[in-house]
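Novice: Provide a 3D model corresponding to the input given below.
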Amino acid sequence: MPTRKPRTNITLDDDVNEVFQRLAELLNTPKATLMADFLQSMKPHAQEIIEAIELVEKNKSPSLVFAKMFAKAQLQMGESLNDVMQSVGDKND
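Specialist: Numbering: from 1, shown residues only. Okay, the predicted model is just below:
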């Protein structure tokens, strides 16, 4: 059944394509699914960037927004690394 979700065509540099292709292979996931999931996970960060830009446009300081972004990014990086390491460990069992 066709999806009603919007589609977007993108052109990737070879090195970017290779990274996502290799990761998709290692995770046994289609590259398009991996990239869609990656973009979905970046949505909160994009929303925070929008908020920061809007503050700058209103001549207000975005420093609190950036501090929150940095803290969340650090937490997500740790969680993602933990998930990947657990996935690799599960495959080796």
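
Novice: Show me where this protein dips below the pLDDT cut-off.
Specialist: 1-2, 91-93 (pLDDT under 70).

Novice: How far does the longest helix anywhere in the chain sit from its chain's centre?
Specialist: In terms of residue count, the longest helix belonging to the chain (DSSP state H) is helix 63-92. Centroid separation between helix 63-92 and its chain, computed with CA atoms, centre = their mean, to the nearest Å, is 11 Å.

Novice: which element is the residue lying closest to Pro30 once chain neighbours are set aside on?
Specialist: Nearest residue to Pro30, sequence neighbours excluded (CB to CB, 6 or more residues apart in numbering): Ala24, at 6.4 Å. From N, CA and C alone the C-beta is placed, and that goes for glycine too. Here Ala24, judged by DSSP states H and E, is contained in helix 14-27.

Novice: in that helix, what counts as buried?
Specialist: 24, 27 (16 or more other CB atoms under 10 Å).

Novice: just to revisit the earlier point, can you spell out which helices and strands pack onto the longest helix of the chain?
Specialist: On a contact count with 3 or more CB pairs under 8 Å, 6 or more residues apart in numbering; DSSP states H and E, helix 63-92 meets helix 31-57.

Novice: Any buried residues in the helix it packs on, and which?
Specialist: Applying 16+ other CB under 10 Å to helix 31-57 flags 31, 34-35, 48, 51-52, 55 as buried.
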